[in-house]
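In: build me a model:
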Amino acid sequence: MDDESLPKGLFYEDVTTGSRQQEGHVRRYKYTLKTSLKQLLINRTNWEDLARNRLAWRKMVKTGAAIYEANRIAATEAKRETRKLSAPRTHTRSNR
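Out: Sure thing, here's the model as predicted:
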């Protein structure tokens, strides 16, 4: 399986960053899988049954990834707007 493939990335990498963090503890496979399934809005209790139907599984993963990415972008833009509005710029010129 190609290293860039979606299933391999889903199970062995962190969805939010695309790779695992270099500092801190190495995360266990089980924890990474649980976090990824939660972020992709996939039911963690019966995901193995869902994964047996490859077409439905691919559709769920792609849909979940699109929703996650849209939510992440919206949250980033909202955070940026609040940061811009909360700290107005003040220009000071020194008269020399």
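
In: make it CA atoms for all contacts and neighbour counts henceforth
Out: OK.

In: quick check: residue 26 vs residue 32, distance?
Out: Distance of residue 26 to residue 32, given as Cα to Cα, to the nearest Å: 10 Å.

In: between these two, which one's more packed in?
Out: Legend: neighbour count by other Cα atoms under 10 Å for residue 26 and residue 32, higher for residue 32 (19 against 10).

In: distance check, the more buried one against residue 38.
Out: As judged by Cα to Cα, residue 32 and residue 38 stand 10 Å apart.

In: mind listing what the closest residue to residue 37 other than its chain neighbours touches?
Out: Distances taken as Cα to Cα, 6 or more residues apart in numbering put residue 44 closest to residue 37, at 6.3 Å, once the chain neighbours are dropped. The contact partners of residue 44, by Cα atoms under 8 Å, 6 or more residues apart in numbering, come to 34, 37-38.

In: and residue 44, which of the three is it?
Out: coil (DSSP: H, G, I helix; E, B strand; the rest coil).

In: what's the distance between it and residue 69?
Out: Remark: distance between residue 44 and residue 69 (Cα to Cα) = 20 Å.

In: and if you look at residue 61?
Out: In terms of Cα to Cα, residue 61 sits 12 Å off from residue 69.

In: more neighbours, those two?
Out: Taking other Cα under 10 Å, residue 61 and residue 69 do not tie; residue 61 has more neighbours (19 against 16).

In: from what I can see that one touches residue 40, true?
Out: Yes: Residue 61 lies in contact with residue 40 (Cα atoms under 8 Å); the separation is 6.6 Å.

In: and the longest helix for this structure?
Out: Ranked by residue count and defined by DSSP state H, the top helix of the chain is helix 54-86.

In: quick one: buried residues of that helix?
Out: For helix 54-86, a neighbour-count test (16 or more other Cα atoms under 10 Å) marks 57, 60-61, 64-65, 68-69 as buried.
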